[in-house]
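Colleague: here are the coordinates; sequence isn't available:
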């Protein structure tokens, strides 16, 4: 199940909107923002865990899109391109905030997405599982974090992740395997 899938707009509508904007119809960009703002925000919030910062990142993403959409050669690749811009903006934000902000308050996973299969009800009720999962994901290397979240929170296919991150399918598989193995080791004490 994807949380921030860019499948909201049909590929034909997406191409038409982008082409209209490239042809000078500024109102088409407003429609692009309207159709994609929630998805961009969800990705940003998933990485940052702070409402205001996620909103700021979303605004920054659409500013970058506005300035550079004319360079997009294949309008059908817009979803991947937008996702990559969003991920890069999140990575830049985190890099710039390393000394100022802790990611300990990442609550995206705890508030929205965790499975109760084999998990202690007491732990689930206390809300601690989400915090544990969030901290475990934060402990992953950044590339593994990205691959894991794109796969499990956006539901992307492995080849789509490879295209989004501009890397090989083998690299995606390796990062996902390592992330899953590391998370299993970290979370083992918390599941029954």
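Modeller: Good, I have the coordinates. Note that this is a predicted model, so its numbers are computed, not measured.
Colleague: Pull the residues that contact stretch 70-78.
Modeller: For stretch 70-78, contacts defined as CB atoms under 8 Å, 6 or more residues apart in numbering pick out 11, 14, 15, 18, 19, 22, 81. The way it works is simple: take the backbone N, C-alpha and C, and place the C-beta from them, glycine included.
Colleague: what helix or strand does the residue nearest the centre of the chain sit in?
Modeller: When CA atoms, centre = their mean is applied to the chain, the residue found nearest the centroid is residue 43 (3.5 Å). When elements are assigned from DSSP states H and E, residue 43 belongs to helix 26-48.
Colleague: Out of the contacts of stretch 70-78, who's the most crowded?
Modeller: Comparing those by number of neighbours (other CB atoms under 10 Å), residue 18 comes first, having 24 neighbours.
Colleague: Kindly confirm my reading that residue 156 forms part of a strand.
Modeller: No - following the definition DSSP: H, G, I helix; E, B strand; the rest coil, residue 156 is coil and is not counted among the residues of a strand.
Colleague: do you know how far it is from residue 13?
Modeller: As judged by CB to CB, to the nearest Å, residue 156 and residue 13 stand 21 Å apart.
Colleague: related to what we said a few turns ago, now for the contacts of stretch 70-78: which two are most distant?
Modeller: In the contacts of stretch 70-78, two members sit farther apart than any others by CB to CB. They are 11 and 22, at 16.3 Å.
Colleague: Next step: the contacts of stretch 70-78 restricted to helices.
Modeller: When DSSP state H defines the helices, the subset of the contacts of stretch 70-78 inside them is 11, 14, 15, 18, 19, 22, 81.
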